[in-house]
Structure formats: structure tokens, C-alpha cells
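Q: This is a predicted model, with the sequence first.
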Amino acid sequence: MTHRLLTPEELEAALLAIGAERYHNLHPFHRALHDGKLNKGQVQAWALNRYYYQASIPAKDATLLARLPTAELRREWRRRLVDHDGTEPGTGGVARWLRLTDGLGLDRAYVESLDGLLPGTRFAVEAYVHFVRDRSILEAIASSLTELFSPTIISERVSGMLRNYDFVTEETLAYFTPRLTQAPQDSAFALGYVKEHARTVEQQQAVLNALTFKCGVLWSMLDELDYAYVAPGHIPPGAFKPQDAS
Ligand SMILES: O=C(O)c1cc(C(=O)O)c2c(n1)C(=O)C(=O)c1cc(C(=O)O)[nH]c1-2
């Protein structure tokens, strides 16, 4: 690969091109989820596995927060912790995700126990947490940039699932409403940060690689769900076994 130094605008365009090619809105499992092609048990499997991603996001943000060098950066990043963990019990994104799993008829203690998780979900989520813990601050911030693309998929998901599943209500999907304003705020900051701080060819390549890596995390979580719950349908021993194929 030969690389030259990109302008900040070219770097942004290269990041957007990665999302256009690799973001998980393109995965067949998401298309099936949004188009109403899954049964209730398969939707439950998605929500149960995705719970681990949601629950791990504040832990990954906390590892980064601890390394940020200025109050200004920490103030910005700690908003994410508040968004996910809330300010008191029952508030914040993780609690709202549990309302989604409740609404789908899953037992809360079972979801929180992680007993039914696919092994591949665990590996993918942990790879993300470890990436943010171990890589440079620049790479860690860049790896959050999939959120540039999440408002589009969230809008598609909410309208598609409400239209296509009688077991899904607006209340069940309430998790997603605040994300439509939180994600653009978060990703605008992260994008501005990487455009300003990726000043060498190596740093720019590291930023692009971090986003590619993160797209792979999200993609592989859906590969695991597809393999276990759609086709060929080999559910790993001990993982969640849907009872409801309606
Ligand atoms: O619904 C989605 O497809 C989706 C995608 C992503 C993402 O692109 O990483 C996030 C979220 N949702 C989300 O709800 C969320 O809180 C979140 C945090 C992060 C992150 O990397 O820090 N990504 C995402």
C-alpha cells in the first residue's frame, strides 16, 4: 500500500467510504430483522446478544476516560458514561435496553446473567473493549466512529420492526429514540478529534484501520447470530434456545 498524507476532508471521506462498504446495516441478518423476516425467537436472540454490547460500552468508555489527558476531553467523554449508565437506577441506555428485552418476553435475570450468550458475541465485544483499552487514544476514539452511521440504521430498524412485527411496540423500541440525538453528538466530536489529531500518514492509517476493525466487530456479531439462529441453525451448546418460533 502506498499512502500519502490526506487533508482532513479527505480523511473524512475515506472514513465514510469504509462505513459505506462495511457497516452492519449491509448484513443479511439486519436486513432480515428490519424486513420482518425473523420469528420472535430470532429477534429475542438478537436482543439478548446485543445486550452484552450495550452493557460493555460504558466499561470501554471508562477505560478510555481514565487515559484522556485533559478535563475538556474527559468532560466530553464522560457524557457517554452518563448516557449508558444513567444517573440513578433504572435510567440510561443499558436500563432501556433491558426494557427492550422485557418487551420481547425475555427473563431479565437470564439476560443479565449472560448465560445464553453466543461465544462469538463475547469474543467480538471483548475484542472491542480490549482494543480501546490497549490502543492509542487516537485509535480508541476512531473506533467509536461507527456511530456516524448508526442514526440511519436505527431509523430503518425502528420503522421496519414496528411495521413488520406485532410483538414489537414503540415502547419496546424506546431505547433507540435518544440514540438519534446522542450518536450524532458523539460522532461529531470523535470525527473532529481524529481530523485534527491524525497528522501523519501512519496516524491516518491507524484511524482508518480502527474504523475497519470496529465494523468487523459489529459484522461478526451478526455472523454469529445468523449461523446459530437462521442458517444452518447450529446453536452452540449452552446458548439461548428460542421457544417461540411464531
Ligand atoms: O443500533 C445500532 O446499530 C448501533 C450501532 C452502534 C455502533 O455503530 O457502534 C452503537 C449503537 N447502536 C448504540 O446504541 C450505542 O450506544 C453505541 C455506542 C457505540 C460505541 O462504539 O461507543 N456504538 C454504538
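A: Received, thanks.
Q: Now do the buried residues in stretch 35-50.
A: Going by neighbour count (16 or more other Cβ atoms under 10 Å), the buried part of stretch 35-50 is 38-50. In this view, the C-beta of every residue, glycine as well, is placed from N, C-alpha and C.
Q: Now do it: distance to the chain's middle.
A: Distance of stretch 35-50 from the chain centroid (Cα atoms, centre = their mean, to the nearest Å) equals 16 Å.
Q: Which residues does it contact?
A: 29, 31-33, 97, 100-101, 104-106, 111, 116-118, 121, 160-161, 163-165, 167-168, 221, 224-225, 228-230, 240, 242-246 (Cβ atoms under 8 Å, 6 or more residues apart in numbering).
Q: Narrow those residues to those that are buried.
A: Neighbour counting with 16+ other Cβ under 10 Å marks 29, 32-33, 97, 100-101, 104, 106, 111, 116-118, 121, 160-161, 165, 168, 221, 224-225, 228-230, 240, 242 as buried within the contacts of stretch 35-50.
Q: pLDDT wise, what is the closest residue in space to residue 175 that isn't next to it in sequence at?
A: Distance criterion Cβ to Cβ, 6 or more residues apart in numbering; nearest residue to residue 175, sequence neighbours excluded, is residue 96 at 4.2 Å. Predicted confidence (pLDDT) at residue 96: the value is 96.
Q: Please apply the same query to residue 175.
A: pLDDT at residue 175 comes out at 95.
Q: now residue 1
A: pLDDT, read off for residue 1, is 52.
Q: Check residue 244 too.
A: Reading off the model, residue 244 has pLDDT 76.
Q: Repeat that for residue 134.
A: Residue 134 carries a pLDDT value of 98.
Q: That'll do, ta.
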